[in-house]
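**Q** Structure, please.
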Amino acid sequence: MKDAGFEAVYRDYFHDVFLYLRSISRDAGVAEELTQEVFFKALRSLEKFRGDCDVRVWLCQIAKHEYISYCRKMGRLDFADIESDPDREKPPAGSVRFEERLEDSADALDIHKILHTLDEPYKEVFSLRVFSELSFRQIAEVFGKTESWARVTYHRARLKIRERLESRQGGQIS
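**A** Presented below is the predicted three-dimensional model:
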């Protein structure tokens, strides 16, 4: 991306990044300040962007790290803001949540390989939900659809990934 291209990225994604940061910080002032920092860091890191994910996802990952750094600097080590999401599913007792499998590098590689074979919008909705930790409401805003559409699309993507993982590994995944 050249400077003109980055200006377009700034115009196109500023609002999404701001909304994401406002949703996790619950403070418009903090969100605005951190959004500026996100784009400053993104500009400095352009050469590191490989293009293997959506620009929005990349920017939201930077935003999440900026918010965590901000919390640490401010002495707020309670990351319940990020972790508590009423949209998140509760796994059955004794089972491992599907998204937690991403922490295991072997499982993560399999999931990423499968994810890249999915059609849109499943691939992007799943990525926004799991990697960018956006709520269904935010995902719906991104696509200009309803929250129900975002939920259904995410769950269908998750089912597709689960089915392909099970066929590869022959095991049950919760």
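**Q** low-confidence ranges in the chain?
**A** By pLDDT under 70, the weakly predicted segments of the chain are 1-5, 50-51, 76-108, 169-174.
**Q** backbone phi and psi for the spatially closest residue to Ala28 that is not a sequence neighbour, please?
**A** What sits nearest to Ala28 in space, not counting adjacent residues and going by Cβ to Cβ, 6 or more residues apart in numbering, is Arg22, at 5.6 Å. (C-beta placed from N, C-alpha, C; glycine too.) Here is the backbone geometry of Arg22 (degrees, to the nearest 10): phi -70, psi -40.
**Q** and the gap between Arg22 and Thr35?
**A** 9 Å (Cβ to Cβ, to the nearest Å).
**Q** quick one, which of those two is more surrounded?
**A** Thr35 (24 against 17; other Cβ atoms under 10 Å).
**Q** Let me know whether that one touches Asp16 as I believe.
**A** No: using Cβ atoms under 8 Å, Thr35 is not in contact with Asp16; the gap is 9.6 Å.
**Q** tell me the centre residue of this structure?
**A** Taking Cα atoms, centre = their mean, the centroid of the chain lies closest to Ser132, which sits 1.2 Å from it.
**Q** what about Glu120, which SS state?
**A** Secondary structure, DSSP: H, G, I helix; E, B strand; the rest coil: Glu120 is coil.
**Q** Repeat that for Ser132.
**A** Here Ser132 is recorded as coil under three-state DSSP.
**Q** my guess is it contacts Gln61, does it?
**A** Yes: using Cβ under 8 Å, Ser132 is in contact with Gln61, at 6.7 Å.
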